[in-house]
Structures are given as structure tokens and as C-alpha cells.
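# no FASTA, just this:
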């Protein structure tokens, strides 16, 4: 019988701790598949951020370093500059990259650091219990925006991909979702492309995932999936925002 | 570089430190400009790239310390430098480095505070450096150079100790030591045996993946980790204490001072001897581990100590904690602004000599 | 020169661009070459803004404590603001050497110190390079104080001058000699 589906080699055979219906596991898997595809497991170093994604080292069968909250891209830049022949990626949540670590994220992209940043945007703080994120949508209720996010108090949700795409240093910027098979296939291609850009030394590559967080959204997994389609994607449009064809130094 | 019969050079403390970093094999520097330490990044931005090194002018000291954290995690020697307000911003990263047991050199060419303060020399960061300025129960190796030669020698030592103990190390200087020039012999010191960096992140090739982290959530795990760190700090206290004494054998009063104030105090001690007063000097070189035992032993013979600092009283607490109970510990301090002259310290010595 | 107990400190001050840091460095370097203990402390950071620069050089036969000097043995002052700031600080019987091309000698009021006006700008212009007024001042100062040998100064030039200025070593030497001869002729 033909094997059509298996665990990527660089994922460890343990159950994810993520909640039912959470999309983190899928995003993890796509990253792992890209690492397998390029056969770079033995030269890849992952940088975990603070948030639900912190347990990356429990799932990826690769060298992993834990960064302080918000600092993953600075940490990854340090790793890459010290070991330029290694593949380095970060996996950061919306609080990590969009709020506390926005300066590090922007400057890492602007320096054109040859790393890959996987951005997990679920519009909420998962780990700490459902507080408002910089990407929380207007009107969305969270434990710290109980009346719904109001721009007069809280400002607007930040579009990180668009912001980073404006910087000369970024080589590849895409936003993807995994709420249906078609989007998932595009996400898989985007992640693969991001790692390819790094392998080809094209500069900073960035993939923003729109992920569901059923638990903190107070929705069932199916409802949460629908919300990605109906509420998130209209505000955070999917697609490749930037793709450099040639490295700057070429 | 580092030849064994070098000619004497006349260089700034900051430049001596930068040369030492290169001679210690540190080719990775990350920092953000701040007075009075800018000679360090300026020197390294010029000299690292031709050596194949990396220099990043980071967007902040927060980024600098995390670039250092990442680079150190790969097993290579790396450093950052800053001055007091910038070092405040780095405290989070230093705590993470201590928690993740990562080496790395942090240089504080301190200025005066609190707040924006000023750029005059100050020793107001003693507590921050020696008490673990960030969160959690950790310690950092802290070395306090008092000459330009020591800026060079202690920087190399700091890299060695940092690697030996897998712990961040700090050079605590001040504007005076950073900015002044003095003769330097750029003599590469002997290499010491250091444990292999089998923990480094290099890609999991032919081995199990390495993980560097400071998060421990399982029952008992964190307490075990903290005990392990504690044992390490205790070992530093046993094996790595360094200090200098001058004319303490027959002394009736000993001046205790570190860094820039130790060199001014040295002149005062000599002036006191010329007047026939039996006065000595005790200069801690390691501020952590603090030479508490040496001070304690000294206090069995000497019953009067005068601590001299360029602040309103910080190291004096360690002197008091170290000495015998029947010892009188006096303090002469200066907030930032002006340096005491040797004569002014001599005046204090006369006052307490009795 | 070793063996005897020796100590001297000097503050050199002027406008930024007058080259006081350079002559301070040169003096310190020459003294180091002669086996002395030396320290050199420049102004830095915000102090440099506003255009005045100064440095302190200490030369000693023994280890030097403080590189900061409140009351110097000697001062070399290149402009009026420096005179106003440092004249009163000179130790009694100390030396005040100042640039009489830019400072009216009447401005110097101390009677308990040795006052040496040297028209360093005029001399440097006559010599063909107005930018070497600092070297004229240093030549005069070293001739007066004998802190180091002239030859040590000359030999130190290549160490102290930035690479791109090394071609100007001969005119620098000439300017130092000019300052020295001025003092000899007094």
C-alpha cells in the first residue's frame, strides 16, 4: 500500500499540547515539511519565542534556542551572523512580533538578515489567557477588550506583512491561512519558498499565518475556522506581497 | 596582533578593551552608540570586517544583548558594550543568558545616573552589576579594571571565565578608565584549558538536538536548575576571586576601593606613608565573586577600613559584610561630577587613622 | 632619567581644531618612549560640543594615580576661553604658556607663576603652515620644561599622527624646532 501521509522527519513523535482546533500544529507541520524537503534538518537552528509557540523545542527534532519575549528576530540575527552557513528561523506570535518585539522585527527585516520569520497571527494572546493582541480585530472581544476593540482606545489591528514588505531589506513576504485545503497548499508553497530564499541567500523572508484560536475566541473549532475566512482574511488579505528575484549583492 | 614582544602603545582604555576582544578570538560585536564607550564600537567596526568578523550597530541595547545571546548560543565568542542607561535596557537579556547558561561579554563603561544622569565617571552601577540587575536568582562575573593594561588583560580573562562557567561576564569600567590613555603591552596571554562547547547550537548533525532555554515548568525542574546555578556561583567564589593588596602587612588602616577610585586611592596611600601613617590598599578586581574571605582574613589584623567610592555608598556594604564584627568601616564617597584628588582622600585617611 | 623621582602634569586647551589633543598625545607618547609612566585624558562627549577641547597629560617616574588634575604644574592655552578657565588653576610657581597671537598678554593676571606668551599662530604662518601652531606651542613648552627630549617628540610623530598626515612629519618637526628656538632666544 502506498504511504500518502506521514509525520515529517524533523517533528518529534509526541502529541502537540495545542488546544483542539488550534492551527499552530498545522503551521509547525508545514515548517517541518519544508525543512525535510530541503534536507536541512542537521543545519537548521530554530528560535522559539514566548507564547504558545515557546514549546517548539519539544516538537522539532532540531537545535532550538529560546528567546526572551519579543526578541526572537534579534536572537536569530545573532545566530545567523555567527553561523552564516546554517539555516535559521524564528516562530513568533502576534504579541511577540507585533507588540513587544516590533522594533527587533522591523530592524531584522531592514538589515536584510538572511533568516526566515514565521509569524503566527491569531489575533489574541493565547498563552496568557486571551488578552488583546496588536492584531485583534476591531470590535473583537478579549479579556482586556471586554467591550470589543475600539480604535479610539486601542488603535487598529496592525498588518505586519504589509509593513515589512515596504522595507528594502525584506526579500519575501507572504500571508497565508490554513483554514481550508486550498489555502493550506498555498501556505505550504509559501513556507517552502521562504526557506528557499534563505538557502539562496536572498535576504529576509517572512510568512504570516492567520491561525485560529478556538479556545480564546470562545468558538468551536469549526466556527473558528469560519471566522478566519469571514473576518480575518478580509482585513488581512492573503497572498505574496513581495518576492525578490535577485539578491542585492548580485 | 598579539605578538609576544610587542612595543608599548599609548591607547585609550576603550581601545585596549577592543583589541583584547579581538585577541581573545571574539569576532562578533553588537552594540548601540552611547557615550563614553563609543571608541569600542568605532574600533571594532573598523577592525572586525577585515578579520571576517561581524559588527552590527543594533537598533537598541535590547537588540544588542539578544544578538549577543543568539551568537553566543552557537558557541562563538561574542560581546556587546554600552554605558549605564544602555546596560539597564540589557538586564532582561542578561537574566536570560544566565538562565540559559550562555557565556558572553558585556562591557559597561559606566556613566552617572540615575536616569539620563551625565557622562562623567561614576561607580553608581556597582549594585546593578554585582547583585544581578535583572530578574531571578543569578550572578554575573564582574571584573573591574583600574589601568589600561588591565582593560586589556581582564577582558581576555572575562572571555575565558565566561566560557569556563557558561555564564555572562561583565567588565565594569567608567568614563575615566575608558577615555584615558596609558601605555599598553598588547601581549597575548597564555591559553587556558576550557571545557568543550558541546552544548552549542550548530545544527543537530550526528548528535541529538541541543536546546538552550530558561523555561522549566515540570515539577521540581526549576528548583533543581537554580541549585545547579548556585553551585556554579559557589565554585566561582572558591576559585576565581582576584584582588590586589598594597602595603597591608603592617597597616593600621586599609583603604578599600575598586576601578578608577583604586588608582586615585593608591596615590593617597603613598602620601599617607610619606607622613608615617601605616596605611594600605585593598583593591577587589573581581566584584563578583567578591574577595570576602581575603577581606575577612585581613580584618583579623586591621581594625579600620575606609571604603572610597565614586558614589554615595555601594561596595561599602560588601566590605561591611566581609570584615570581622569588631572592625570599624568608614566610607568616603563622591556622587558624580568631580573626582576626589589624592589629597582629599588623604584628608579622610588622617581623620580616621586616629 | 629613571631613578630620580619625577612628576609633572599639564593641561592643554584651545578651540576644537587647534590640535591640542594631538600635542598632548605626542608629549605623552614621547614620555612613554623615555620609560616614564604617563596618562593622557581627553575631553569627550558633550564637553566637546561648543568647540573647546582640552587634555591632561601626567608624566611621572612612578605609577600614576589620578589622570585628572585640578591644579596643574603647567598649562598650554591656545585661546582666550581657555585662559579664563585655567589660569587660576595653575599651581604657584607653575608655568602658563599661552598663544599671544590670539590672547592679549594683558589678560594674564597671575604674578606668582611663570608667564610665557608665544605668538604661535604668527610664527606658524611665517613658517608657511598656519595649522602647525600647535606644534610651535609644544616645541616652546618642551624647550621650557625639558620634560622630554626633542628627539623623542620627533620619533613619536609617526605613531601619533594619523596615517594620512605622515607625509607632513618634516614640517611638524620644523614647527616644533621653531617653538624651541623661540624659547632659547628669550
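Thanks, I have it. Computed from a prediction, not measured in an experiment: that's the story for all the values here.
# Identify all contacting residues around stretch B:38-58.
By Cβ atoms under 8 Å, 6 or more residues apart in numbering or on different chains, the surrounding residues in contact with stretch B:38-58 are A:74, A:77, A:81-82, A:107, A:111, B:12, B:14-15, B:17-19, B:21-22, B:27-33, B:64, B:67, B:71, B:81, B:107, B:109, B:178-179. (Glycine included, C-beta is placed from N, CA and C.)
# Buried by neighbour count, from these: which ones?
By neighbour count, with 16 or more other Cβ atoms under 10 Å in any protein chain shown, these hold A:74, A:77, A:81-82, A:107, A:111, B:12, B:14-15, B:17-19, B:21-22, B:27-32, B:64, B:67, B:71, B:81, B:107, B:109, B:178-179 as buried.
# Out of those residues, list just those in strands.
Under the assignment DSSP state E, those contribute B:12, B:28-31, B:81, B:107, B:109 to strands.
# What is the nearest of those residues to chain C?
Of all these, chain C sits closest to residue B:12, with 8.2 Å by Cβ to the nearest Cβ.
# Now for that closest one: which residues touch it?
Shown in contact with residue B:12 (Cβ under 8 Å, 6+ apart): B:39, B:148, B:178-181.
# Show me what it bridges to in the sheet.
Beta bridges link residue B:12 to residue B:181 when assigned by DSSP bridges.
# Would you mind stating the distance between it and residue B:221?
Counting by Cβ to Cβ, to the nearest Å, the gap from residue B:12 to residue B:221 is 46 Å.
# rewinding a little: closest one of the contacts of residue B:12 to residue B:228?
Residue B:228 lies nearest to residue B:178 out of those, by Cβ to Cβ, at 35.1 Å.
# Apart from its neighbours in sequence, what residue is nearest that closest one?
In space, and not counting its chain neighbours, residue B:178 is closest to residue B:109: 3.9 Å by Cβ to Cβ, 6 or more residues apart in numbering or on different chains.
# was I right about that neighbour contacting residue B:175?
Yes: the pair residue B:109 / residue B:175 is scored as a contact, 6.6 Å apart, by Cβ atoms under 8 Å.
# Report the set of residues contacting both of these two.
B:36, B:83.
# Past the helix-or-strand element of chain A with minimal mean pLDDT, which element shows up next along the chain?
Counting by mean pLDDT, DSSP states H and E, chain A has its least confident helix or strand at helix A:56-59, which shows a mean of 91. Next helix or strand after helix A:56-59 toward the C-terminus (DSSP states H and E): strand A:63-66.
# Am I right that residue B:170 sits in a strand?
Yes: under DSSP: H, G, I helix; E, B strand; the rest coil, residue B:170 falls within a strand.
# For it, give me its contacts.
Taking Cβ under 8 Å, 6+ apart, we find residue B:170 in contact with B:105-108, B:129, B:140-143, B:158.
# Give the helix, strand or coil label for the closest residue to residue A:141 other than its chain neighbours.
If the residues on either side of it in the chain are set aside, residue A:141 comes closest to residue A:148, at 5.2 Å by Cβ to Cβ, 6+ apart. What three-state DSSP gives for residue A:148 is coil.
# Check what pLDDT residue B:349 gets.
As predicted, residue B:349 sits at a pLDDT of 98.
# how close does it sit to residue B:256?
Applying Cβ to Cβ, the value for residue B:349 to residue B:256 is 12 Å.
# Need the residues touching each of the two.
residue B:306.
# In terms of neighbours, single out the busier of the two.
residue B:256 (30 against 23; other Cβ atoms under 10 Å in any protein chain shown).
# wait, the more buried one sits on residue B:282?
Yes: at 4.7 Å, residue B:256 counts as touching residue B:282 under the criterion of Cβ under 8 Å.
# Name the residues contacting each of those two.
B:295, B:305.
# Give the closest residue to the residue of chain B positioned farthest from its centre in space, chain neighbours not counted.
Within chain B, residue B:206 marks the point farthest from the mean C-alpha position, 38.1 Å out by Cα atoms, centre = their mean. Excluding its sequence neighbours, the residue lying closest to residue B:206 (Cβ to Cβ, 6+ apart) is residue A:42, at 7.6 Å.
# How about residue B:265?
Nearest residue to residue B:265, sequence neighbours excluded (Cβ to Cβ, 6+ apart): residue B:257, at 4.2 Å.
# Mind checking if stretch A:120-135 is in reach of chain B?
No: no part of stretch A:120-135 sits close enough to chain B to count as contact by Cβ under 8 Å from any Cβ of the partner chain; the gap is at least 11.2 Å.
# tell me how far the ends of that stretch are from each other?
With Cα to Cα, to the nearest Å applied, stretch A:120-135 spans 11 Å between its terminal residues.
# and that stretch, what's its mean pLDDT?
Mean pLDDT, stretch A:120-135: 95.
# Find me the pLDDT at residue B:354, would you?
Residue B:354 carries a pLDDT value of 83.
# right, I mislabeled it, should have said residue B:4
pLDDT for residue B:4: 56.
# One more: residue A:1?
77.
# what do you get for residue C:49?
pLDDT, residue C:49: 55.
# Quick one: list the elements packing against the least confident helix or strand of chain A.
When contacts are defined as 3 or more Cβ pairs under 8 Å, 6 or more residues apart in numbering or on different chains; DSSP states H and E, helix A:56-59 sits against strand A:44-48, strand A:63-66.
# ok, how many other residues are close to the residue nearest to residue A:141?
Neighbour tally, residue A:148, other Cβ under 10 Å: 14.
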